[in-house]
Structures are given as C-alpha cells and as structure tokens.
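Colleague: Sharing a sequence plus its predicted fold:
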Amino acid sequence: MIKIIKLLILIMIIHLFLISCSSEIPMKIEQGFMDVTKLDGQFYQQVDLNGLWQFYPGKLINPQQFTGKDYLKGVTYIEVPGAWKEVNTHGTYRLILQKKKDFVHLAMKVGVIGCSGRIYINGKKIFQNGKPGISQSTSIPQWKGDVVTFYDPSDQLDIVIQVSNYYDNTSGIVSPIYIGSQMKLFNQRRNRLLVDVFLIGSLLIMGLYHLILFFFRRQDKTTLILALLCFVLCLRVLVYGEMLIFELFPRLNWSLLLKFGYTTFTLSFILATLFIYEVFPQFFPKKIFYFLVTIYSVYTIFITLTHPQLFGKFLSPFLIFTVIGGFFLLSIIFRALIHNEHGAKLLFTGFIFLFIFAIIDIIKSYLHILGFEVLPIGMFLFILTQSIKIARRINLVFITSENLTKKLTHINTSMKRFVPEEFLRFLNRNDLYDVQLGDNAEVFMTVLINDIRSFTSLSETMTPEENFRFINSYLSRIGPIIRTNNGFIDKYLGDGFRALFPGQPNDAVQAAIDLHNELKKYNEDRGHCNYEPIKMGIGIHTGKLLMGTVGEDMRMDGTVISSVVDLAFQMEQLTKSKRVNIITSEHTFNAVEDKNTYLFKSLGEIKFDENDNTLSIYEILVD
C-alpha cells in the first residue's frame, strides 16, 4: 500500500515538473496588452495568451470599431482562460500583441469557447465556432477547438474575439489560447491526436476482447461490464481532447455533443460501480449500491431528456456526489485488499490511478495550470489493470484445467485397471463417467474360467502378505496372455479369474493352451526357490450373454449375466473330477475354425440343467 502511494506521489511530482518545463513561453498580459518583441526566435515556439484581456460585456464589437491601442468606453478586464458568472449574454474580448515584423507565418490554437465565438486578427476573421449573436434566436452554439494559421507582416496583432452564450451554463473562453509557429502548434496537435487515436484504438480492442470473453463465458458479468466501460470511455475520448468526433461527424449538433460528454461520465461511474459490486459483493452493501446506481441513472436520464442549460445547473453538486462516491468505492476495494481478496491489488491500483488522475485534472482546471490532460490516461490504466487481472485469472483457469485434465487422465487410466475398457466399449460408453445404472448390451462371446487347484490348503501355509504376493505374481503372467489373444479379464475371482473373448472361439482355446504353457514355466521358477508346483483348471463355453451394470446410485458394478457363464464354471469344475487341465463345451468345439490345429478329446456328455439336457464336452490336450 505504501509503495503504491509513493508511486502516485512521484507521478504527480513528475507531471507537475514536466508542466513547468514545457516549451510554452510565459508572458505577462497587462490590461489587454502583451509585448513579445524581446523573445527573438522563441516566439516561434509557443506563447500562451493567458492573462487579463480587455472585455466589453453585453456588446459584440466589430474590429473596425477599435483604433490602434485605444480603449472603448465600458471596458473591463477579464481573466483568460476563465468563465463569466453571467449566462444568456454576450461580450467581446480584445488583446493587442506587439511582435517583430519578421514573425509572419503564425498559428493560433483555440480551445473551447462557451458556447460560440468568432476570432479576428487585424480585422480579418480567422476562426468561427458556431455563430455569436445578441439573442438565442440569432446565435448558434458549437463546441469545437482548432489550430488556425494566418499570415501577418505587421508589428502588431489586434486580436478581437466575439463570444455569446444563450444555451449553456458556462460562458466565455474556458480553454487556454496559444500563439506561435505553425510547425510547433501543428506538431503539438498531431501528438495529442496520436495519443487520442492510441487510446481509442486500445479501448476498442480491449472492449472487443472482453466482449468475446463474455460471449464464451456468459456467467462472468465482469467481462461484459468492462467491455461496455471500454466503449463508453472510447466515446468520451472522441468527444473531449482534440474532439476527433468532428472528424467523423462534422455537423454534429452542439446539444447532442454536450449530452455525449455528460452521459459518458455518468455511465462510466455506473459501470465502475457495477464492476466493483460484481467483483466484491461481500464488501458492498446492497442498499448503498442501489442508491448510487439509482442517483446516476436518474441524472443520466435527466441529461438525455432536458436542455444543457437545465442539466448543467446540477453539475457542481453532481461532481461533489461523484467525489464522495469515488471515496466510498475506494474504501470497498481497500477492504477487499485488507482481506487479501484475489485481484484486489490490481483493482486498487487501477482505480486509484483513475481517481488521482481525475483529481489532478480538476485541480489543474481550477488553478488554470496548463498541461496535458491525464484523465484519459487514468481511464486507460484502470481498464488495462483489469484486463491484466482477467488475463491472470484466465491463465490460472488454464493451469487449473491442465492440472485437472492430467489428474482426470490419471484417474481414467487408473479406473481402466478396475473396469476394462472393452467392457465400456460394448456398452457404447467412451468414459467411465458416462456409464449409467442399468446400461446393458447382449453380445456373443466365449467365456474362459481359470482357477488354482487346492488354493485353500496352499494359502494356509503362507502369511497374508505372502498370499497376496503369490496371487499377484501368478496373475501378472496371466494378463498379457489374455490380451495377446484378443480377450480381456472381466473379473478376478480370488485365486482365479473370468475372461471374455468377443472374437473367434479360437482365441479362447489358444489362450488356454498358452496359460498352461506359462504355468509350466512358472512352476520351474518356483522349483528353483523350493516351492511346491501349482495346478490349475480351465473351463471354456461359448454363447450369448448379457453385459451391464448392477447395484444402486451410490455403488454399482459391471457384471455378466447368462447361463453361458454358469456352464463355463461347470467346465472348470469338471477338470477336477476328470483330472484334466482344460475342458470346453461342444458349443466352443463346433465354433472353432480349423480343428486340426488343436488336439481335442471327447469326454462324453453331461447333464447341465434340471430338464436333463445334455452337453458334449471335450478336453483340449496340451504337452
């Protein structure tokens, strides 16, 4: 916090220093007269015409009525720049400027004249803003500055400015007037135009960027508010500064221009209030929020529907209310900063830039301190800091999303070890989270049941840890064989497993033979460690079965429901009584292609149901 305050103080000092070191040549105007003959070549830089001018209130005097340095009756003196206290009136300014004759190619930068004016130099009209008149019906308001050039080989400039105001609450020459070389003033205006164009372009790009963000994520209203704020501030830069809006609409109505200027201010405050409320609603009392928005909304509507002279009367109390509201918004952000809320630092930095820069321009305006307006820069910095905050938030979302994706991928990979991927495929599901209770599919498959003989007695000789080590060692050799033969293990059965083969029955037969051969190698390894050899039995049957999920909402499991599974279990049990290694049913036997590849031995028939239906069984002979 202290660092931010120090930075702002430093910016203010640098800004005021740059103002004091500007190329404007300070001269003293005394009673409507200025002498610049001693400036030599410096006159071709820039001279401000600020000071006490001759002033003739209530009169529009033509230049021909003045003679030399003579003053007319009724002359008073008025500070330029400055506003009259009276409205619905008119008057004439006059300044005599003594110069050298060789200063001939000159230019004048004219700012805002409230609310219409006409400028003469040595009797020649060089600039007109609206149409000055002696009544509302004879005058036309306008609000536009410009840089005008003129040629004058004389040693004296008699500057006469006619001004009238019957439409606004601010009368007179309210902006500084400069005179100097054409190159200097045009370059200065060009530089300020470039700044305005830069601000407008930047605000438009940021506005479109935030609008696109809102389009893709509409639940985040802050991006829409920032987009609208960018567009409103863009319009404000067009209206103020170098008034680029006249480049787009040369005949823009004065009243409409003034309403644009006022409403962009009120709308900016409304949007800033909405933004802070959306970001930190826990620190923003709703009643105060609605109060602020209501006051500004009512004034905005009032500006839209009434005449500038009417809504302009409420500008001063409105500005006081704005300053109070600004301090309140700053306090909301400060509370969020104390509570270490995410994004509070950037929001506080951006808002305090905007607030301080606004105060700087207000102070400069009241004290008539010349220099570049910093309020548009403050607006830009506020939007920029919020864009950075959103970019950081989006980056954090991307990082979180990447981490979650990696974690989800890891979880899915881990889950596939519990639920076979092939099982999901037969249920027409891509991922485990797509599976619903009751999903099922009827398929034609071959079922293989494998069981270790006399495992109970064998396990009693081992510790629990040794039991699990033994089973996992055995099954680690089995899994690759099943997968190699286009099958998958559907269920582990303690000391055995159930495997499914969706392809040809040959796959299951070949897998059974490979399992038997692998068991021989496994027993050889056990023999080297002085362990007893183990035996296993394998049963195979082929037919239609129903795959699906069973259980309830909080716990479900995949299973296979069919008599085919029961008969496969019977085949495996018969290996014990028949004292053989592998038994298959006639259904599998009949479905095997190229039976000469394998050695089958008939073991007769068995009864497999309560209706005394019989089924032929076969032993698959292995070495």
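Modeller: Now that the structure is in, tell me what you want to look at. Numbering: from 1, shown residues only.

Colleague: show me the biggest strand of the chain in terms of residues.
Modeller: strand 536-552 (DSSP state E).

Colleague: Show me which residues of it are buried.
Modeller: Neighbour counts using 16 or more other Cβ atoms under 10 Å place 536-543, 545, 547-549 of strand 536-552 among the buried residues. C-beta coordinates here come from the backbone N, C-alpha and C atoms, glycine included.

Colleague: can you check stretch 148-165 too?
Modeller: When burial is assessed from 16+ other Cβ under 10 Å, stretch 148-165 yields the following buried residues: 148, 150, 152, 157-165.

Colleague: Of those, which pair is most distant in space?
Modeller: For the buried residues of stretch 148-165, the farthest-apart pair by Cβ to Cβ is D152 and N165; their separation is 28.9 Å.

Colleague: Quick check: beta-bridge partners of the closest residue to T614 other than its chain neighbours?
Modeller: Across the structure, with Cβ to Cβ, 6 or more residues apart in numbering as the measure, the residue nearest T614 apart from its sequence neighbours is E605 (4.3 Å). With DSSP bridges applied, E605 shows beta-bridge pairing to S616.

Colleague: what's near enough to touch E605?
Modeller: Residues in contact with E605 (Cβ atoms under 8 Å, 6 or more residues apart in numbering) are 614-617.

Colleague: Tell me which two in those are the farthest apart.
Modeller: For the contacts of E605, with distances taken as Cβ to Cβ, the pair at the greatest spread is T614 and I617 (9.8 Å).

Colleague: Settle it for me: which of those two has more neighbours?
Modeller: In this comparison of T614 against I617, neighbours counted by other Cβ atoms under 10 Å, the higher total goes to I617 at 27 against 13.

Colleague: which ones are touching that one?
Modeller: In this structure, I617 makes contact with 571, 574, 583-586, 602-606, judged by Cβ under 8 Å, 6+ apart.

Colleague: now do Q136
Modeller: The contact partners of Q136, taken as Cβ under 8 Å, 6+ apart, are 88, 166-167.

Colleague: Could you check how far the closest residue to G537 other than its chain neighbours is from R453?
Modeller: With sequence-adjacent residues excluded and distances taken as Cβ to Cβ, 6+ apart, G537 is closest to T575, at 3.4 Å. Counting by Cβ to Cβ, to the nearest Å, the gap from T575 to R453 is 8 Å.

Colleague: what residues are shared contacts of those two?
Modeller: Between them, T575 and R453 have G537 as joint contacts when contacts are counted by Cβ under 8 Å, 6+ apart.

Colleague: Looking at those two, which is more packed in?
Modeller: For T575 versus R453, neighbours defined as other Cβ under 10 Å are more numerous around T575 (21 against 15).

Colleague: Would you indicate which residues of stretch 58-74 are buried?
Modeller: Residues of stretch 58-74 classed as buried under the neighbour-count rule (16+ other Cβ under 10 Å) are 60-61, 63, 66.

Colleague: brain fart, stretch 240-254
Modeller: Of the residues in stretch 240-254, those with enough neighbours to count as buried (16+ other Cβ under 10 Å) are 240-243, 245-246, 252, 254.

Colleague: Take the residues you listed and keep only those in helices.
Modeller: Among those, the members falling in helices (DSSP state H) are 245-246, 254.

Colleague: Show me which of these is closest to K100.
Modeller: Taking Cβ to Cβ as the measure, K100 lies nearest F246 of these, at 34.7 Å.

Colleague: Thank you kindly, that will do.
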